[in-house]
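Visitor: Can you look at this prediction? I've put the sequence above it.
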Amino acid sequence: MAIEFLQAGFPPLENLSVAAPDGAVIGIVGEDGAGKRSLLRLAAEAERPASGQVRVRGTARLLGPSDPWEPGAADALLLDHALAERDALVRARAAIDIERLRRVGGTVLIVSHEDALLLQLCDEIWWLDRGRLAAKGDPGETLDRYQRHIARRLRESSEAVAAMAPSLRRGDGRASVLGVETLDAERRPTTVWQGGEEAAVRVTVRFAQPVADPVVGIMIRNRIGLEVYGTNTGIERLQLGPRQAGDTIAVTFSFPCPLCPQVYTLTAASHDPDGVWHDWLEDAVLVSVADSRHAAGVVNLRARVSVETA
């Protein structure tokens, strides 16, 4: 093995045991502070492990984002976001140099946050999580697991409910929208939806005056204001009235989230069937979508692809 970690400890790394073989390009992913840089410095023999061993066969060269692209004649190339700020020409040359080194039995370790780059160059991915090896293996499968982990972390760390600060509020006051909540598949408040999973929007309305036939609706827009999806209780053939002064209702719209990863706004309203507004909150809530499966555009149709021989 060209580089071998044997129960290696060097904060934040703990008891790391993993080996990079000859002729392999390995991508390393993880959150900030997971130990990616420590791993590279141990492999470069710039640091000594506090515990365990690190075995490096031959010479290793460590390159960072501000270093000139000069791989030299090293047996192992260690890249710490070394291609992050490079132009297309340097990246193309780097890909050639990396492939050339791999073919003569050299080893390359690449720390990067760019999935596309890692999928293009790597034979294997190592995922570090809080100093430990969480997973290793096929680039596509390992990156998918890592991105799902990031989506969960994002949901867990997000505020329960986005602050209501509508860009425009209007209506005759016969009813008021008290709250607009974005919910996850378990009906927990969240500001992050997972693409492909069940999502929901809950709109709470209180009536200040009697309303014979109220309608409650939502509109989802992308960051440039394009209307992505809208519906209301009238379209869905759900009758909410008549309602009396003092009544409070919560209307929940549930749907599988088909949206591509980006930020969206939610507009919510209570109005009459003819469109006269009781309370209209324009772009009241922000919600983002996280997904391990990327696609262009706004809606991810999650296509199934097949090939037949003509």
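Guide: Looks like it arrived, so ask away.

Visitor: Tell me which residues touch the closest residue to residue 198 other than its chain neighbours, please.
Guide: Once flanking residues are discounted, residue 198 sits nearest to residue 185: 4.2 Å by CB to CB, 6 or more residues apart in numbering. For the C-beta atoms, the positions are set from N, CA and C on the backbone; glycine is no exception. When contacts are counted by CB atoms under 8 Å, 6 or more residues apart in numbering, residue 185 touches 194, 197, 198, 199.

Visitor: Look up phi and psi at residue 185.
Guide: phi -60, psi -30 (degrees, to the nearest 10).

Visitor: Extract the C-alpha set from the helix or strand hosting residue 204 and format it as PDB.
Guide: Under the criterion of DSSP states H and E, residue 204 resides in strand 198-207. Provided in PDB are the C-alpha atoms of strand 198-207 (Å, rounded to 0.1, in the frame of the first residue of the first chain):
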ATOM      1  CA  GLU A 198     -43.000  14.100   1.400                       C
ATOM      2  CA  ALA A 199     -43.300  17.800   2.200                       C
ATOM      3  CA  ALA A 200     -46.100  19.900   3.500                       C
ATOM      4  CA  VAL A 201     -47.200  23.500   4.100                       C
ATOM      5  CA  ARG A 202     -49.500  24.400   7.000                       C
ATOM      6  CA  VAL A 203     -51.400  27.700   6.900                       C
ATOM      7  CA  THR A 204     -53.200  28.800  10.100                       C
ATOM      8  CA  VAL A 205     -56.000  31.300   9.600                       C
ATOM      9  CA  ARG A 206     -58.200  33.200  12.200                       C
ATOM     10  CA  PHE A 207     -61.500  34.800  11.200                       C
END
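
Visitor: Residues contacting that strand, please?
Guide: Residues contacting strand 198-207 (CB under 8 Å, 6+ apart): 174-185, 187, 193, 214, 216, 218, 243-257, 266, 268, 270, 278-279.

Visitor: And it, what's buried?
Guide: Residues of strand 198-207 classed as buried by neighbour count (16 or more other CB atoms under 10 Å): 199, 200, 201, 202, 203, 204, 205, 206, 207.

Visitor: quick one: strands adjacent to that strand?
Guide: As defined by DSSP bridges, the strand partners of strand 198-207 come to strand 175-183 (antiparallel), strand 248-256 (antiparallel).

Visitor: Run through who's touching the helix or strand following that strand.
Guide: Per DSSP H and E, the first helix or strand lying C-terminal to strand 198-207 is strand 215-222. Contacts to strand 215-222, defined as CB under 8 Å, 6+ apart, come from residues 180, 201, 203, 205, 227-235, 240, 249, 251, 253, 259, 262-273, 283, 298.

Visitor: How many residues are close by residue 116?
Guide: Residue 116: 10 surrounding residues under other CB atoms under 10 Å.

Visitor: err, residue 9, not the other one
Guide: 17.

Visitor: Go ahead and confirm it touches residue 15.
Guide: Yes - the criterion here is CB atoms under 8 Å, and residue 9 meets it with residue 15 at 6.1 Å.

Visitor: Identify the contacts common to the two.
Guide: 51, 52.

Visitor: returning to what we had before: and the buried residues of strand 198-207, which is closest to residue 58?
Guide: Nearest to residue 58 among the buried residues of strand 198-207 is residue 199, at 51.4 Å by CB to CB.

Visitor: and the closest one, how far is that from residue 308?
Guide: Distance, residue 199 to residue 308, by CB to CB, to the nearest Å: 35 Å.

Visitor: Run through the helices of the chain in chain order.
Guide: 36-43, 88-103, 115-121, 139-157 (DSSP state H).

Visitor: closest to residue 167 out of these?
Guide: Evaluated over these, closeness to residue 167 peaks at helix 139-157, with 24.5 Å, by CB to CB.

Visitor: What distance do you get for the closest residue to residue 84 other than its chain neighbours to residue 48?
Guide: Counting by CB to CB, 6+ apart, residue 65 is the residue found nearest to residue 84 once chain neighbours are left out, at 5.0 Å. Distance, residue 65 to residue 48, by CB to CB: 25 Å.

Visitor: got it, and residue 95?
Guide: 32 Å.

Visitor: For the two, work out which one has more neighbours and name it.
Guide: Set side by side, residue 95 and residue 48 show more neighbours around residue 95, with 14 against 11, by other CB under 10 Å.
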